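Participant: coordinates only, sequence not included:
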């Protein structure tokens, strides 16, 4: 996950172990499913950036998810996370309707 942009939202980065990028999270909201993916919102209070919302996408058949957006755990951050999640869900549904794998963007 080293290719994910992790904003600090004006706070210094907290030092911590970086041995394993996998963490256990509790889903706060499921936005929906499209194709073989599910789009969810999780809150991570122990993130290096501080308390954040994460929009995550994962396969229906798996237990692992990928973080696609990190936003501050504020009312504004939650609104932005909802817009991001719904845009990703719509994109996945358009790809599913098309029936073809997307080409290189």
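Facilitator: Perfect, I can see it now. Everything quoted here is computed from the prediction, not taken from an experiment.
Participant: okay, now the residue nearest to residue 77 when sequence neighbours are not counted: neighbour count?
Facilitator: In space, and not counting its chain neighbours, residue 77 is closest to residue 71: 3.8 Å by CB to CB, 6 or more residues apart in numbering. Where you see a C-beta, it was placed from the backbone N, CA and C, and this is true even at glycine. By other CB atoms under 10 Å, 22 other residues sit near residue 71.
Participant: distance of residue 71 from residue 59?
Facilitator: Separation of residue 71 from residue 59 (CB to CB, to the nearest Å) stands at 23 Å.
Participant: before we move on, what about residue 31?
Facilitator: From residue 31 over to residue 59 (counting by CB to CB), the distance is 15 Å.
Participant: circling back to that earlier point, surely the residue nearest to residue 77 meets residue 79?
Facilitator: No - the pair formed by residue 71 and residue 79 falls short of the contact definition of CB atoms under 8 Å, at 9.0 Å.
Participant: show me what contacts residue 54?
Facilitator: Residue 54 is in contact with 25, 41, 42, 43, 44, 47, 67, 69, 70, 71, 81, counting by CB atoms under 8 Å, 6 or more residues apart in numbering.
Participant: sounds good, over and out.
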